[in-house]
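1. with the sequence up front, the predicted model follows.
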There are 2 protein chains.
Amino acid sequence: MKVAVLGSGMVGQTIGKKLVELGHEVKMGSRTPMNEKAVTWSKEVGKGASHGTFEEAAKFGEIVFNCTNGNGSLEALKAAGSKNLAGKILIDVSNPLDFSKGFPPTLSVCNDDSLAERIQREFAEAKVVKTLNTVNCLLMVNPSLVPGEHDLFLSGNDSEAKSAVHKLLESFGWRNIIDLGDISTARGTEQLLPIWVRLMGLWKTPQFNFHIARASS
Amino acid sequence: MKVAVLGSGMVGQTIGKKLVELGHEVKMGSRTPMNEKAVTWSKEVGKGASHGTFEEAAKFGEIVFNCTNGNGSLEALKAAGSKNLAGKILIDVSNPLDFSKGFPPTLSVCNDDSLAERIQREFAEAKVVKTLNTVNCLLMVNPSLVPGEHDLFLSGNDSEAKSAVHKLLESFGWRNIIDLGDISTARGTEQLLPIWVRLMGLWKTPQFNFHIARASS
């Protein structure tokens, strides 16, 4: 499949590489066509990897990953172009973390709204699915880095889109995937970040994940 | 030990009963001295159980549980009286859930503040410890209702107070207790509620809990 990965940071690089390893063609999108990190990434990953602007990548991809910084995501997606996202699955892995006042960060949107909902409202014809935002990027593509049972969450309005993303996540190695419901349930997963950053500060490692233990039903 | 339980709802009743079973003397505090639920509770629980106003309960208790509705907690604690809380451990199990716009609820304080911090600021001489707010009240006093590994979180500025609460929680049956740090870490646990209420809506049961799976350190 042809996949657009918007964002050339650690998250985009890691997801993009995994997708190429799984046999997909990936175009990494950035603000500028010759973004240094994107150029280096596509050279290193080699066959199946390419780069371009946000717009070029979004045109290329049958599905689109938003791996940009949460605070710049709406702007990046506008640069990608509403018509290039229309009808496509848009997997949002970003978090609206605001580090402008130092550590711990706050959320620049939360409680009665979420970044995922903002994206869905702004790009009404895209099928936004929020997932992977509750784990570190190495874990995103290799869940077995953390032993035992642990879970990934899925939020989105389109059932077929969630079903397709579920399969893609299984190809990443995920087994326990909880479909929380419509896109507004992303408020819950984005609001997992405040405790996530504290646990990361406490344990000095991002190699952990949430599991919901429950009485067997 | 003499314990004040402020609040006569399900949470206060459940915690109060458990404390009496463990051999403590419990006075349940309410807005009015003859609150019907508190009167019934103390009759049913019997020896070791009594009731009174918020103020009478706070005077009685060597440690104090805040089991009031999160949106009324500051007012209830003011009625309990600042001087009756001074120097005491104040265990805050409440959540600032606002159901005024229906389901799902929002949080009436979050992100750059928390209810626990507000309580600590307002009652500076109390030793506020936030805990138990991430689980249903039946689970609070009987963690084995959910099988397997699952965790409880602790936030507070006073290490000795947290240590004493840790022991009390062990007497409730808790084994995995994570001390997140100072009282501001309660932002993280209060913000677990938005996903908690969605999971409860999804599974139609409150019998689940968070576990943090991690690579062995």
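-> Yep, that arrived.
2. from here on, contacts and neighbour counts on C-alpha atoms
-> Fine.
3. quick one: residues contacting the residue nearest the centre of chain A.
-> Centroid check for chain A by Cα atoms, centre = their mean gives A:V93 as the closest residue, at 1.9 Å. Neighbouring residues of A:V93 by Cα atoms under 8 Å, 6 or more residues apart in numbering or on different chains: A:65-67, A:130-133.
4. recalculate using a threshold of 7 Å.
-> Contacts of A:V93 were listed using Cα atoms under 7 Å, 6 or more residues apart in numbering or on different chains, and they are A:66-67, A:130-133.
5. again with A:I212
-> Counted by Cα under 7 Å, 6+ apart, A:I212 has contacts B:208-211.
6. show me where pLDDT drops low in chain A?
-> Within chain A, the set of residues satisfying pLDDT under 70 comprises A:217.
7. where do the strands sit along it?
-> Along chain A, counting by DSSP state E, strands occupy A:2-6, A:25-30, A:49-53, A:63-66, A:89-92, A:97-98, A:106-107, A:127-131, A:152-156, A:177-181, A:208-214.
8. format these as CSV; extra columns: distance to B:K162.
-> What follows is the strands of chain A, written out as CSV (distance: least, Cα to Cα, whole Å):
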stretch, distance to B:K162
strand A:2-6, 44
strand A:25-30, 48
strand A:49-53, 52
strand A:63-66, 41
strand A:89-92, 38
strand A:97-98, 29
strand A:106-107, 25
strand A:127-131, 35
strand A:152-156, 31
strand A:177-181, 33
strand A:208-214, 24
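9. flag every buried residue along stretch A:106-116.
-> Buried residues in stretch A:106-116, counted by 16 or more other Cα atoms under 10 Å in any protein chain shown: A:106-107, A:109-111, A:114-116.
10. no, scratch that, I was asking about stretch A:36-51
-> Within stretch A:36-51, the residues that count as buried by 16+ other Cα under 10 Å are A:37-39, A:41-42, A:45, A:48-51.
11. now find how far off-centre that stretch is within its chain.
-> Remark: stretch A:36-51 is offset 19 Å from the chain centroid, using Cα atoms, centre = their mean, to the nearest Å.
12. got the CA positions of it in PDB?
-> What follows is stretch A:36-51 as a C-alpha-only set of coordinates in PDB (Å, rounded to 0.1, in the frame of the first residue of the first chain):
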ATOM      1  CA  GLU A  36      17.300  17.300   5.900                       C
ATOM      2  CA  LYS A  37      15.900  14.600   8.200                       C
ATOM      3  CA  ALA A  38      13.500  13.300   5.600                       C
ATOM      4  CA  VAL A  39      16.200  13.200   3.000                       C
ATOM      5  CA  THR A  40      18.500  11.200   5.300                       C
ATOM      6  CA  TRP A  41      15.700   8.900   6.400                       C
ATOM      7  CA  SER A  42      14.700   8.000   2.800                       C
ATOM      8  CA  LYS A  43      18.300   7.400   1.900                       C
ATOM      9  CA  GLU A  44      18.900   5.200   4.900                       C
ATOM     10  CA  VAL A  45      15.700   3.200   4.500                       C
ATOM     11  CA  GLY A  46      16.200   2.900   0.800                       C
ATOM     12  CA  LYS A  47      13.900   1.100  -1.600                       C
ATOM     13  CA  GLY A  48      10.200   1.900  -0.800                       C
ATOM     14  CA  ALA A  49      11.000   5.100   0.900                       C
ATOM     15  CA  SER A  50      10.800   8.600  -0.500                       C
ATOM     16  CA  HIS A  51      10.100  12.200   0.700                       C
END
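13. what does that stretch rub up against?
-> A:8, A:13, A:17, A:20, A:24-29.
14. how about the residues of chain A by chain B?
-> Within chain A, the positions adjacent to chain B are A:106-107, A:111-112, A:145-148, A:150, A:180, A:187-189, A:191-192, A:194-195, A:198-199, A:207-215 by Cα under 7 Å from any Cα of the partner chain.
15. and those, which are buried?
-> Listed as buried from those are A:106-107, A:111, A:146, A:150, A:180, A:187-189, A:191-192, A:194-195, A:198-199, A:207-214; burial here means 16+ other Cα under 10 Å.
16. all helices of chain A, in order?
-> Using DSSP state H, the helices of chain A run over residues A:10-21, A:36-45, A:54-60, A:73-80, A:82-85, A:115-122, A:137-140, A:159-171, A:186-190, A:193-203.
17. about what we covered before: quick check, nearest of the buried residues of stretch A:106-116 to A:L97?
-> Nearest to A:L97 out of the buried residues of stretch A:106-116 is A:L107 (Cα to Cα; 4.8 Å).
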